[in-house]
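Student: Sharing a model that was predicted from the sequence below.
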Amino acid sequence: MAITSHSLFLLAGTLYGLALLAALAPDRRGLWAGMFLASGLAANLAVVAWRYHQAWPMLPMHLGAVALPLCLGLLVPFAASKSETAMARAVRRILLAQIVLLAGATLCFPKDFYLPFLKSRTLLAHGFLWFGLAGKSCFAVSTAWALAALPLFRSAIDHRQTAVAAMHRCQRWAALGFALWTLSMFAGELWSYLGWGTPVVWEDPALTLTMAAWFFYAGLLHLHLTRLWPLKSRALYASLGGLVLLALTCIPDFGPFRAPF
Amino acid sequence: MNRALFLSWRFLGSINLTVGLCLALTVNLIWGYFSLNRRTPLFTPLNDMGLIPWMQTYGVHNLAATGWFFLLMILLALLAGNTFVCTTNRVVQLLTAGSDGKGAGHRKWLALKLAPHIMHYGLIVILVGYLVSYLCTNVLTGRTLVPGFPLSLPGASGQVTLLAFEPEYYQGQRLAFWRNEVIAARARLLLDDGTAKQEAILSCTRPVRFQGYSLHLRNFAPKSQGGMKMKTRVDLYVRKDPGVALYLAGIALFTLGLALYVYEWVTHREATTE
């Protein structure tokens, strides 16, 4: 059987799934989870490199769905570092679950049939893609911390400090994601101006979702900085809203259904 | 009158309004995605016609698909007002509180404290730039350059001539679908303003500026070596856009504020969240 980018990504998805299963195992399987994750990342990196090889110096079209699990996987060791607490483990599991869902959706709804176009032969196009992916990954980590913090609000007194610390992490990742997302938008606007003469190209509906995510996280940062809402409400906003936004911003990179096997 | 102004200022300066607007804009833009998807031909003319003619034609007559866009205009106008009032209030407070200090350390402290406000002013400049762009841009559609036929631009004394179309054809093996196709389009233009002549290179992401206009490559021919021979032709987007300088300045301002903010965040801040 010939190795194709699809079969490689299928392998990556399977390894991500195994990493999640190992992380969910009741006894300590951290080493196995790490090994499966690292192998999955290697396979995923090969797919991204392959797609780039077939398009460089132009931008591979709709690479986002394939590259997002890679970016998110690379963040897992940093997302819940310096501690082996239950909270850190929960965050890692949530991140792995997000990676598996993303990889599964990409396998079932691939959009790898578009050829690159000449106007994407600029560093601004690549900056737009990679800053955006890094930003979205940081948003996903922020969402994971907020989701992990949610159950703590049921017993308000006992876990108050843990919840505060988790939401602090959530805020920091959201701020980092916001900065990267903004850089991605600016790179996109400059690219659009140089290529089409206008900063907004209305042919691409995805731009509205990009702006929606920007305003959503601008709102979240204002809520955190002003402490306008109680912590629990902010956690709900960051977790559920973050999940919805993450799903929506991925939609433009998914194509029609195709059986993965 | 003064009281109305004061009340408006206070209403616009509310942080609750900021959060409400951010949420409303998020929901509105998600609605926009589903309206825009598969109906892009309704919105594409916006780039060429400008805002007002588009609203009077495509906009008003397709409200089910364009309603979100009208709401977006209102929300963005409110956000610009809200951002201006909030930021100005805070900047005045900061400058008043910081007026006593002296020295480089104080200036650095002030610059770092002003970082988020620089970003906010940057956002306003970007929004104003977009508005000016969509209201005042003069777009010339259907302009094509062919060798030997100079192009005149309205209100400009000079002419643009296509000297040569010098594409680079892909000859490698890696991009199978691109073999013998143009991989880099490059047009050499002669810009003659009546007093002096100069050459300029136009490519896919490298526009040429001439007498207030910017010329962007829209399409070209021939596209490949061999096959059906097409006559040399370069199609252009020609735009006179007074908003460009504004939104580029806004982007620069926002990026400066962001850099200062990140610097402060990394080196100083260890905020609590509760």
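Tutor: Good, I have the coordinates.
Student: Spell out which residues of the stretch 101-250 of chain B are next to chain A.
Tutor: Proximity of the stretch 101-250 of chain B to chain A is confined to B:130, B:133, B:137, B:174-175, B:177, B:182-185, B:204-207, B:214, B:216, B:237, B:239, B:241, B:244, B:247-248 under the rule C-beta under 8 Å from any C-beta of the partner chain. The C-beta positions use only the backbone N, C-alpha and C, and glycine is treated the same way.
Student: Now chain A against chain B: closest residue?
Tutor: Shortest chain A-to-chain B distance, computed as C-beta to the nearest C-beta: residue-wise this is A:G219, at 3.1 Å.
Student: any chance you could map the helices in chain A?
Tutor: For chain A, the helices defined by DSSP state H cover A:5-24, A:30-53, A:64-79, A:86-108, A:123-149, A:160-196, A:206-226, A:231-236, A:242-250.
Student: I'd like these as a markdown table, with mean neighbour count and mean pLDDT appended.
Tutor: Shown next, in a markdown table, are the helices of chain A (neighbours: other C-beta atoms under 10 Å in any protein chain shown; pLDDT from 0 to 100):
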| stretch | mean neighbour count | mean pLDDT |
| --- | --- | --- |
| helix A:5-24 | 20 | 94 |
| helix A:30-53 | 18 | 93 |
| helix A:64-79 | 22 | 94 |
| helix A:86-108 | 21 | 94 |
| helix A:123-149 | 24 | 96 |
| helix A:160-196 | 21 | 93 |
| helix A:206-226 | 22 | 95 |
| helix A:231-236 | 18 | 93 |
| helix A:242-250 | 20 | 93 |
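Student: Mark which of the residues of the stretch 101-250 of chain B next to chain A are buried, thanks.
Tutor: In terms of neighbour count (16 or more other C-beta atoms under 10 Å in any protein chain shown), the buried residues within those are B:130, B:133, B:137, B:175, B:182-183, B:185, B:204-205, B:207, B:214, B:216, B:237, B:239, B:241, B:244, B:247-248.
Student: Which of these fall within helices?
Tutor: Checking those against DSSP H, those in helices are B:130, B:133, B:244, B:247-248.
Student: Verify the contact between B:E181 and B:S224 for me.
Tutor: Yes. Between B:E181 and B:S224 there is a contact under C-beta atoms under 8 Å: 4.8 Å.
Student: any shared contact partners between the two?
Tutor: Residues touching both B:E181 and B:S224 by C-beta atoms under 8 Å, 6 or more residues apart in numbering or on different chains: B:Y169.
Student: And the strands in chain B?
Tutor: Secondary structure of chain B (DSSP state E): strands located at B:138-145, B:151-152, B:159-165, B:168-169, B:182-184, B:186-192, B:197-203, B:208-210, B:213-221, B:233-240.
Student: Turn the ones you listed into JSON lines, columns for mean pLDDT.
Tutor: Converted to JSON lines, these look like this (pLDDT from 0 to 100):
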{"stretch": "strand B:138-145", "mean pLDDT": "89"}
{"stretch": "strand B:151-152", "mean pLDDT": "90"}
{"stretch": "strand B:159-165", "mean pLDDT": "93"}
{"stretch": "strand B:168-169", "mean pLDDT": "91"}
{"stretch": "strand B:182-184", "mean pLDDT": "92"}
{"stretch": "strand B:186-192", "mean pLDDT": "94"}
{"stretch": "strand B:197-203", "mean pLDDT": "94"}
{"stretch": "strand B:208-210", "mean pLDDT": "94"}
{"stretch": "strand B:213-221", "mean pLDDT": "93"}
{"stretch": "strand B:233-240", "mean pLDDT": "93"}
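Student: ok, back up a step: identify, from the ones in helices among the buried ones among the residues of the stretch 101-250 of chain B next to chain A, the entry nearest to B:L75.
Tutor: Nearest to B:L75 among those is B:Y130, at 13.7 Å by C-beta to C-beta.
Student: That closest one and B:I251, how far apart?
Tutor: Per C-beta to C-beta, to the nearest Å, B:Y130 is found 11 Å from B:I251.
Student: again, but for B:A176
Tutor: Computed with C-beta to C-beta, the distance linking B:A176 and B:I251 is 38 Å.
Student: neighbour count winner among the two?
Tutor: Legend: neighbour count by other C-beta atoms under 10 Å in any protein chain shown for B:A176 and B:I251, higher for B:I251 (23 against 9).
Student: Now for the residue in chain B positioned nearest to chain A, how many residues are close by?
Tutor: Across chain B, no residue is closer to chain A than B:C22, which sits at 3.1 Å (C-beta to the nearest C-beta). Applying other C-beta under 10 Å, we find 22 other residues in the vicinity of B:C22.
Student: Quick check: pLDDT value at it.
Tutor: Reading off the per-residue confidence, B:C22 sits at a pLDDT of 97.
Student: for B:G122, same thing?
Tutor: For B:G122, the model assigns a pLDDT of 97.
Student: Identify the residues contacting it.
Tutor: In this structure, B:G122 makes contact with B:250-257, judged by C-beta under 8 Å, 6+ apart.
Student: Among the residues you listed, name the buried ones.
Tutor: Neighbour-count burial within those applies to B:250-251, B:253-255, B:257; the criterion is 16+ other C-beta under 10 Å.
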